[in-house]
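Visitor: What follows is a predicted structure for the sequence shown.
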There are 2 protein chains.
Amino acid sequence: MKKAPTIRDVAATAGVSVSVVSRVLNPESGPVAPAKRETVLRVIDELGYRPRAAARELSVGHTPTIGLVVADLANPFFAQLADRIVWEARGHGVQVMVMTTQEDPHLEADSLDTLLDRSVGGVIATPTGANVEKWARLQSLGVNVVFVDRTIPELSGVDVVSIENVGSARRATEHLLGLGHKRIGLISGPVSTSTGRSRIQGYQSAHENFSISVDPQLVRDVPFRGDGGGDAVGSLLALPDRPTGLIVANTAQVQSSVRRLVQMGTSIPGDLSVIVFDDNPWTELTSPPLSAIRQPIDMLAVHSLELVLGRMQGKLPAAPRTIEVNADFVPRSSCAPLLLSPTR
Amino acid sequence: MKKAPTIRDVAATAGVSVSVVSRVLNPESGPVAPAKRETVLRVIDELGYRPRAAARELSVGHTPTIGLVVADLANPFFAQLADRIVWEARGHGVQVMVMTTQEDPHLEADSLDTLLDRSVGGVIATPTGANVEKWARLQSLGVNVVFVDRTIPELSGVDVVSIENVGSARRATEHLLGLGHKRIGLISGPVSTSTGRSRIQGYQSAHENFSISVDPQLVRDVPFRGDGGGDAVGSLLALPDRPTGLIVANTAQVQSSVRRLVQMGTSIPGDLSVIVFDDNPWTELTSPPLSAIRQPIDMLAVHSLELVLGRMQGKLPAAPRTIEVNADFVPRSSCAPLLLSPTR
DNA sequence: GACCGGAGTGGAACCGGTTCCACATTTGTA
DNA sequence: TACAAATGTGGAACCGGTTCCACTCCGGTC
């Protein structure tokens, strides 16, 4: 439990000044005679010296660290997103501080304070939708913010990376409409979130294209946390004129919704054709395998990281960018044409 | 983009010295007149002052931060573990730096260096099994290390939190043996890992209890990454005398193994009774729902955090502790008695 | 009235890096 | 040969906190 060597220890041992050692450490910052560089490197190795990040951070004023503020690591979508971002970041020599908000605005606010204290250069986040002024403050202090998956429209000057939510929801809906379904349930996220709103919009737009009016009863916006998905499934299937198609557009509620369907013994696709957002390794292992909108997590990770790093290096034009990536529709056997005479 | 106020700004505005402000910030460190405390707090609020973590860290020499080194966030088990640990930690006012190794010893080594640079006070990790001397070095520098899920036996002085691996594997195996199965396949983790070894040991021990000899052909240790689980399933079922039971004791390979079973159209439990490590929300949504060993992730998270924080505060006796928590066996319909005359 | 102890305060050193600047030495050019 | 520019080096200030210490007031005690 001896204490770690400092730059001054290295300098003393190598018989040079700390300036020289520092320049060896940061080659850009000035010239060093090749012989001395050799010596210094050898001493560094012998002593097992490693620069302390805090000291560097204090003097340069910022860190090569980004914050990742994610709603819920227990959700496979966010977990994979985090995995990819952490992975990509390390390739760029950038550290990631992962925080979870559990969809709670207070926790989100706390997380932002913490990241501010740590002088991160940028933040990638799936915002809850609240804390608008807090996000704005973060920006005004020079922290680069990139929203991924969701966004907050009231907030200007933020880069956004998401899937094409309106289009994806429309495509899913049109698929079911095309199979002859007239009554399609939609379980979406809260309308307070951009994804919630966009997906409902896509759903409506598909109905317009097919000149079918939307029954508001069929649209349920449920919170991300809790068992709202299961409850919505229950009440949708309890309707007098029950839907023959269902789109679960709330990633966090897919599992709860499917569980309820299984418990109720609903025949899929016999009684109900189902499409879920998003795809994960298990959606094709249920029976029947579920049709899904697949979010290209890699793309989301790569783009958001590219944006935030680009901003941190000042390489990007000032105007905020919005990147929408395509999400594939993966048809599986959970969807079937509507029979003219229903089986029930 | 104005720069953030410092403690000296606060002191000047409040008309006091920096010492006073510092004492207001850290109440333990000295007395402050109530009136001045008031003033300082008001100024802090007005200026929106927040102490910079790096400065504090530099002067006190350590941070209230722990590192979490996890194999793979895309694996629901680790993702949930991370989620719980991050959650618990924030309750204690402790930050967590999450890193992933993707089971690669080199990346693990890198991660440890990084954590060292950041002066973390403790590390919770699921070690790959390599880097023994690196872990030892970390310890010798005063970093408290807690292994969770797996361990490295060669390394002394480390706290370990895991499920009771030998017992769990034995229980799963005995369940199948009790149903009359004589040939049970085992897909475990690499024997280079403690979990791999322990689970094989439990499997063997169960066979001894039933006085049945183990056919080495039936035991497959496969890497965590890649598609080894699927391949093992394929080759096990291709054996002339194929098994009628299967235990997938490699968490990372469950999904790949099940996928192969589905692809091959294996009838479960008709042709094959199946038990998997561990439980996750989707294992009961497959058909049939899978019997599983459920790892109490909450317990793992709570205990490992308690240990690492306890060590950081020096509250614990020096002797390393090993905590083994029980894992429940959750029977579902993927297991059935062996028919005397097989269906095939 | 002298003395003691504790509350309250500010000055300044310190943590371990980076960076600016002054200076010495070498090299290149007119 | 003289002078400018490039190269290499070390000293010291600085980043923003914490903490030790000296010092000034107090009230209480003998």
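Guide: Here it is on my side, so go on. Here the structure is a predicted model, which is why all the values come from computation and not from measurement. Numbering: from 1, shown residues only, chains lettered A, B, ... in the order given.
Visitor: rest of the way, CA atoms for contacts and neighbours
Guide: Noted.
Visitor: Count the residues that sit near the closest residue to chain B within the stretch 201-344 of chain A.
Guide: Nearest residue of the stretch 201-344 of chain A to chain B: residue A:286, at 4.3 Å (CA to the nearest CA). The criterion is other CA atoms under 10 Å in any protein chain shown. On that basis, residue A:286 has 20 neighbouring residues.
Visitor: Ramachandran angles for it?
Guide: Residue A:286 adopts backbone torsions of phi -80, psi 170, taken as degrees, to the nearest 10.
Visitor: Could you pull up the residues touching it?
Guide: For residue A:286, the contacting residues are B:285, B:286, B:287, taking CA atoms under 8 Å, 6 or more residues apart in numbering or on different chains as the criterion.
Visitor: What separation do you get for the residue lying closest to the first one once chain neighbours are set aside and residue B:250?
Guide: So the one you mean is residue B:285. Nearest non-adjacent residue to residue B:285, counting by CA to CA, 6 or more residues apart in numbering or on different chains: residue A:286, 5.8 Å away. Taking CA to CA, to the nearest Å as the measure, residue A:286 falls 20 Å from residue B:250.
Visitor: still on that earlier bit, now do the same for the residue nearest to residue B:285: its pLDDT.
Guide: At residue A:286 the predicted local confidence, pLDDT, stands at 91.
Visitor: Residue in the stretch 201-344 of chain A with the shortest distance to DNA strand C?
Guide: residue A:313 (14.0 Å; CA to the nearest atom of the strand).
Visitor: Am I right that residue A:65 is in contact with residue A:115?
Guide: No: contact criterion CA atoms under 8 Å: residue A:65 and residue A:115 do not qualify, at 9.7 Å.
Visitor: More neighbours: these two, which one.
Guide: When residue A:65 and residue A:115 are compared on other CA under 10 Å, the one with more neighbours turns out to be residue A:115, at 25 against 20.
Visitor: check contacts around residue A:225.
Guide: Under the criterion of CA under 8 Å, 6+ apart, the neighbours of residue A:225 are A:102, A:103, A:252, A:253.
Visitor: Quick check: buried residues in stretch A:263-277?
Guide: By neighbour count, and taking 16 or more other CA atoms under 10 Å in any protein chain shown as the criterion, the buried residues in stretch A:263-277 are A:268, A:269, A:270, A:271, A:272, A:273, A:274, A:275, A:276, A:277.
Visitor: Now the fourth one: closest residue in space, sequence neighbours ignored.
Guide: Pointing back at residue A:271 there. Closest residue to residue A:271 apart from its sequence neighbours, by CA to CA, 6+ apart: residue A:244 at 6.3 Å.
Visitor: how many neighbours does the one you found have?
Guide: Other residues within reach of residue A:244 by the criterion other CA under 10 Å amount to 25.
Visitor: how much space between it and DNA strand D?
Guide: In this view, residue A:244 and DNA strand D are 60 Å apart by CA to the nearest atom of the strand, to the nearest Å.
Visitor: and if you look at residue A:273?
Guide: Using CA to the nearest atom of the strand, one gets 58 Å for the distance from residue A:273 to DNA strand D.
Visitor: which phi and psi does that residue have?
Guide: Residue A:273 adopts backbone torsions of phi -90, psi 140, taken as degrees, to the nearest 10.
Visitor: same deal with residue A:101?
Guide: Recorded main-chain torsions at residue A:101 are phi -110, psi -10, according to degrees, to the nearest 10.
Visitor: contacting residues for it?
Guide: Residue A:101 is in contact with A:69, A:70, A:71, A:72, A:107, A:108, A:111, counting by CA under 8 Å, 6+ apart.
Visitor: nearest to residue A:172, of the buried residues of stretch A:263-277?
Guide: Using CA to CA, residue A:275 comes nearest to residue A:172 of the buried residues of stretch A:263-277, at 7.1 Å.
Visitor: hey, where'd the strands end up in the stretch 201-344 of chain A?
Guide: A:219-221, A:245-248, A:273-277, A:291-294, A:322-325, A:328-330 (DSSP state E, counting those that start in this stretch).
Visitor: Out of the contacts of residue A:286, flag the one nearest to residue A:264.
Guide: Nearest to residue A:264 among the contacts of residue A:286, with distances taken as CA to CA, is residue B:285, at 12.5 Å.
Visitor: what about that closest one, distance to residue A:311?
Guide: According to CA to CA, residue B:285 and residue A:311 sit 43 Å apart.
Visitor: One more: residue A:59?
Guide: According to CA to CA, residue A:59 stands 21 Å off from residue A:311.
Visitor: of the two, who's got more company?
Guide: Remark: of residue A:59 and residue A:311, residue A:311 carries more neighbours, 21 against 10, as counted by other CA under 10 Å.
Visitor: can you pull the contacts of the more buried one?
Guide: With contact set as CA under 8 Å, 6+ apart, residue A:311 has these partners: residue A:144.
Visitor: what's the answer for residue A:96, then?
Guide: Residues near residue A:96 by CA under 8 Å, 6+ apart: A:65, A:66, A:67, A:68, A:86, A:89, B:97, B:98, B:99.
Visitor: which residues pair with it across the strands?
Guide: residue A:66 (DSSP bridges).
Visitor: Where does the stretch 51-200 of chain A get nearest to DNA strand D, residue-wise?
Guide: residue A:59 (3.4 Å).
Visitor: Point me to the helix or strand that includes that residue.
Guide: Counting by DSSP states H and E, the secondary-structure element that holds residue A:59 is helix A:53-60.
Visitor: Name the residues that touch that helix?
Guide: Residues outside helix A:53-60 that contact it (CA under 8 Å, 6+ apart) are A:63, B:54, B:55, B:57, B:58, B:117, B:118, B:119.
Visitor: Per-residue pLDDT of residue A:340, please?
Guide: pLDDT recorded at residue A:340 is 57.
Visitor: Same check on the one 4 residues further on?
Guide: Each residue has a pLDDT score; the one for residue A:344 is 43.
Visitor: For burial, what's the neighbour tally of the residue of the stretch 201-344 of chain A found nearest DNA strand D?
Guide: Taking CA to the nearest atom of the strand as the measure, the point where the stretch 201-344 of chain A comes nearest DNA strand D is residue A:312, at 18.6 Å. Here the count is done by other CA under 10 Å, and residue A:312 has 19 residues near it.
Visitor: Grab the nearest non-local neighbour of residue A:17.
Guide: If you skip the residues right next to it in sequence, residue A:17 has residue A:11 as its closest partner in space, 5.3 Å away by CA to CA, 6+ apart.
Visitor: quick one: low-confidence parts of chain A?
Guide: Per-residue confidence of chain A (counting by pLDDT under 70) places the weak regions at A:1-2, A:340-344.
Visitor: Tell me what angle the helix holding residue A:59 forms with helix B:53-60.
Guide: Interaxial angle of helix A:53-60 relative to helix B:53-60 (axes from the mean of the first three to the mean of the last three CA atoms, to 10 degrees): 120 degrees.
Visitor: mind listing what's buried in helix A:53-60?
Guide: Of all the residues in helix A:53-60, those buried under the rule 16+ other CA under 10 Å are A:53, A:54, A:55, A:57, A:58.
Visitor: just stretch A:102-117 next, same as before
Guide: In terms of neighbour count (16+ other CA under 10 Å), stretch A:102-117 has its buried residues at A:102, A:103, A:107, A:108, A:109, A:111, A:112, A:114, A:115, A:116.
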